[in-house]
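Trainee: Below are the sequence and a predicted model for it; my questions follow.
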Amino acid sequence: MNKLRSINKYLYKYRFRLAIGIFFIALSNGFGVLSPQVVRHAVDMITTEISYNQYFVDTGLETDFIRHFGKTILLFGLIVVVLAIFRGLFLFFMRQTIIVMSRLIEYDQKNEIYNHYQKLDLDFYKRNTTGDLMSRITEDVSRVRMYSGPAIMYTINLLVLFMLVIFTMVRVNAELTLYTILPLPVLGLSIFFVNGIIERKSEAIQRQLSFLTTISQESFSGIRVIKSYVQERFMNAYFSGECEKYKMKTLDLARVEAVYFPIIFLLVGLSTVLTIFIGGLQVIEGKITPGNIAEFVIYINMLTWPIASVGWVMALVQRAVASQKRIDEFLNIQPSIAFIHMPSSEIRGSVEFQNVSFTYPNTGIQALKNISFRVSPGQRVAVIGRTGSGKSSLGQLLVRMYDPEVGSVLIDGKDVRAINLFALRRQIGYVSQDVFLFSDSVFNNIAFGLETEDVDSNNIKEAATYASVDRDILDLPEKYETMVGERGVTLSGGQKQRISIARALVKDPKIVVFDDCLSAVDAQTEINILGNLNEFLKGRTTIIITHRIFSLFNFDTIIVLDDGEIIEQGTHESLMKGQGAYYELYEKQQITEKAVAG
Ligand SMILES: Nc1ncnc2c1ncn2[C@@H]1O[C@H](COP(=O)(O)OP(=O)(O)O)[C@@H](O)[C@H]1O
Ligand SMILES: [Mg+2]
């Protein structure tokens, strides 16, 4: 229960709603225990009045007597109906307050988790799978809701009902009360036991079901591979095999459930038999009236379901505890990229790496070793190196996706850790190596990251033109309103890259970082793009990460990385003169380009 402490703040937030809910529970049960008492009066009246009937036989008053008798019974019936209506009405209000409260808590909790997710850094996302992130915000939250709604409601309901019923029963006859409620704990325990079995079997079913979901998801997204390797039949067999397992598990559960209800009814029946037997003896002794027996039978039945649900409620609480534990695990993770609340300042654009070394925390791979370089505002730098040489890591440190282990990254002479994180990221136009477009229009994909009031279609178009993708977009069926991403048109890799370049440019950044984002375009397009970008990049610090040499572009400095280290640094001319790694790379590229062209 301690684990559910995190929910208390929400219960406190909705304390008035909860209090009103408890009030309705009390009212509803109050009306509930009244009706058996009406039944008692009715039964007692019938037994006594029936015996008076003999006096009216052959007096001519018999019909009057019977009519009067019928009317009284009708009246009792009406009272019972009215009481039931009130009980139902307050039951409705009870659900309306408490279940609605649990929905509100669910909503708050989802927002809390989602907001927290957004704050966590890349390392967190590398360590945890998307499925895991999703299930905590969906399944786990709804399990916790079963605690804050139904579990709390049924528990309070049981307590209130139990007190009221036992109180009224004891007032009638303590001995009979004791005998009749004797089988109830047995009922509660056995249901709890059976529930445990059901619970375990349901878990197994759930696991199998999610496995089935994974299989089908993978086979839909990998359908091309399946078809080209002619594995349809194999996949079918595999899938139906797993379905078979799922079926067996569900049938197994159905068998357990089949004995569940008979047990409940048997035990309830036992209580009723006991009530009538012992009650009957006491009627004979004159201790109670036949009406009391009728009343008790109804009480027993009123207690049955709440007691039967104790096991269920306990299972709900157990599940909620486990789920809340999983949720808290994530909520307690603090982003390692600290959020320092500094005033946001304008960036001028100088970039400096001072003896930076960096190791990926999740894998222990050292990606950068003692990197130092300086870029003045407005300069253009190329970072060149083979795949795996640490180029992307360098770019990610600059936008503070990670913090360096040793050394520091400075912007305008200030450690990035001392700069307002959001202001920093907002003023750097970073295009990552793996482009990602949202399932939205091209327009919105480019405008992503702008404040709503800053969205201007001229700027979007201008950015697209600089990124050399404007013409491509105008060729799309609905131009800028065309849907892209998972549910939209299929764009080529190069088009996606250029749209993501436009997205970075539209922010009007002081510093631009392109991570291998021209890899999917051909040489001619590349020349066009660089030509168009030339204009835009004037006066902006530019860092272009690439595995290919752009000889047409005038870089102030070229940094050559290998295995996380800077092995050469200089201008195109000086590096060519040096005849080192850069020179070799250039020569090799010339040969392949000629071969392709020829
Ligand atoms: N998210 C990551 N987690 C762990 N290791 C990584 C991650 N990204 C890259 N690496 C490793 O760091 C090294 C440098 O990678 P990267 O910076 O992506 O090189 P490049 O961009 O030059 O291809 C590689 O050995 C790579 O395997
Ligand atoms: Mg890379």
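Mentor: The structure has been received and is ready for your questions. Ligands and ions are numbered 1, 2, ... in the order given.

Trainee: Quickly note the distance from the closest residue to Phe124 other than its chain neighbours to Gly364.
Mentor: Of all residues not flanking Phe124 in the chain, Ile333 sits nearest, at 6.2 Å (CB to CB, 6 or more residues apart in numbering). In short, each C-beta sits where N, CA and C put it, glycine included. The gap separating Ile333 from Gly364 is 19 Å, by CB to CB, to the nearest Å.

Trainee: Neighbour count: the two, which is higher?
Mentor: Set side by side, Ile333 and Gly364 show more neighbours around Ile333, with 17 against 7, by other CB atoms under 10 Å.

Trainee: I'd guess that one is in a strand, am I close?
Mentor: No: using DSSP: H, G, I helix; E, B strand; the rest coil, the assignment for Ile333 is coil, not a strand.

Trainee: which helices and strands does the helix of greatest length in the chain pack with?
Mentor: Ranked by residue count under DSSP state H, the longest helix found in the chain is helix 62-119. Applying 3 or more CB pairs under 8 Å, 6 or more residues apart in numbering; DSSP states H and E, we find helix 62-119 packed against helix 5-13, helix 15-56, helix 141-146, helix 152-172, helix 290-331.

Trainee: hmm, who's touching the helix or strand following that helix?
Mentor: The helix or strand immediately downstream of helix 62-119 is helix 122-127, counting by DSSP states H and E. Applying CB atoms under 8 Å, 6 or more residues apart in numbering, the contact partners of helix 122-127 are Leu133, Ile333, Pro335, Ser336, Tyr360, Pro361, Asn362, Gln396, Met401, Tyr402.

Trainee: Now helix 122-127 - C-alpha only, PDB.
Mentor: Provided in PDB are the C-alpha atoms of helix 122-127 (Å, rounded to 0.1, in the frame of the first residue of the first chain):
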ATOM      1  CA  LEU A 122      18.500  10.500 -25.000                       C
ATOM      2  CA  ASP A 123      20.400   8.100 -22.800                       C
ATOM      3  CA  PHE A 124      17.000   7.200 -21.100                       C
ATOM      4  CA  TYR A 125      15.500   6.500 -24.500                       C
ATOM      5  CA  LYS A 126      18.400   4.300 -25.500                       C
ATOM      6  CA  ARG A 127      18.000   2.200 -22.300                       C
END
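
Trainee: And the strands in the stretch 351-500 of the chain, which stretches?
Mentor: Assigned by DSSP state E, counting those that start in this stretch, the strands in the stretch 351-500 of the chain fall at 351-359, 366-375, 380-385, 406-411, 414-415, 428-431.

Trainee: how about CSV for the ones you listed, with distance to ligand 1, mean neighbour count and mean pLDDT added?
Mentor: Listed next are these as CSV, based on distance: least, CB to the nearest ligand atom, whole Å; neighbours: other CB atoms under 10 Å; pLDDT from 0 to 100:
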stretch, distance to ligand 1, mean neighbour count, mean pLDDT
strand 351-359, 9, 19, 92
strand 366-375, 4, 18, 91
strand 380-385, 5, 23, 90
strand 406-411, 15, 19, 90
strand 414-415, 21, 16, 88
strand 428-431, 13, 24, 90
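
Trainee: From ligand 2, how far off is the spatially most central residue of the chain?
Mentor: The residue lying closest to the centre of the chain (CA atoms, centre = their mean) is Ile137, at 1.7 Å. Distance, Ile137 to ligand 2, by CB to the ion, to the nearest Å: 30 Å.
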